[in-house]
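Could you look at this predicted model? Sequence included:
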Amino acid sequence: MDRAVLPADGAPPRTGHAGERIAGIEDVTPLAAGSHVLVRDGEPGRAAGLLPEERPTPLDDDVLARLRA
């Protein structure tokens, strides 16, 4: 079953399943707890080292232009 996704900008609804866009779901509770302890103990650099590298989402040039407008 397709479900409409209502965009906040008033554009026509998109259809599709979240599963088409979600690569995976992982419980990061232990990671967050460990990171919190390090930050609380004054070691934000070590906490940052636990976090995964952020990768930009690839977007078409027209989408980037709209986002930057």
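Everything's here; your move. Numbering: from 1, shown residues only.

Let me know the pLDDT of the residue lying farthest from the centre of the chain.
Here the centre of the chain is the reference, and by Cα atoms, centre = their mean the most remote residue is residue 41, at 26.9 Å. We have a pLDDT of 98 for residue 41.

now residue 24
Per the predicted model, pLDDT is 78 at residue 24.

Please identify the helix or strand for it.
For residue 24, there is no host helix or strand (DSSP states H and E).

Please identify the buried residues of the helix or strand hosting residue 39?
Under the criterion of DSSP H and E, residue 39 resides in helix 29-40. Across helix 29-40, burial judged by 16 or more other Cβ atoms under 10 Å covers 35, 38. (Each C-beta comes from the backbone N, C-alpha and C, glycine too.)

next one: stretch 41-50
By neighbour count on 16+ other Cβ under 10 Å, the buried set for stretch 41-50 is residue 47.

Tell me which residues are up against that stretch.
Defining contact as Cβ atoms under 8 Å, 6 or more residues apart in numbering, one finds that stretch 41-50 is touched by 31, 34, 35, 36, 38, 39.

one step back: now for the helix holding residue 39, which elements pack on it?
Other helices and strands packing on helix 29-40, by 3 or more Cβ pairs under 8 Å, 6 or more residues apart in numbering; DSSP states H and E, are helix 44-50.
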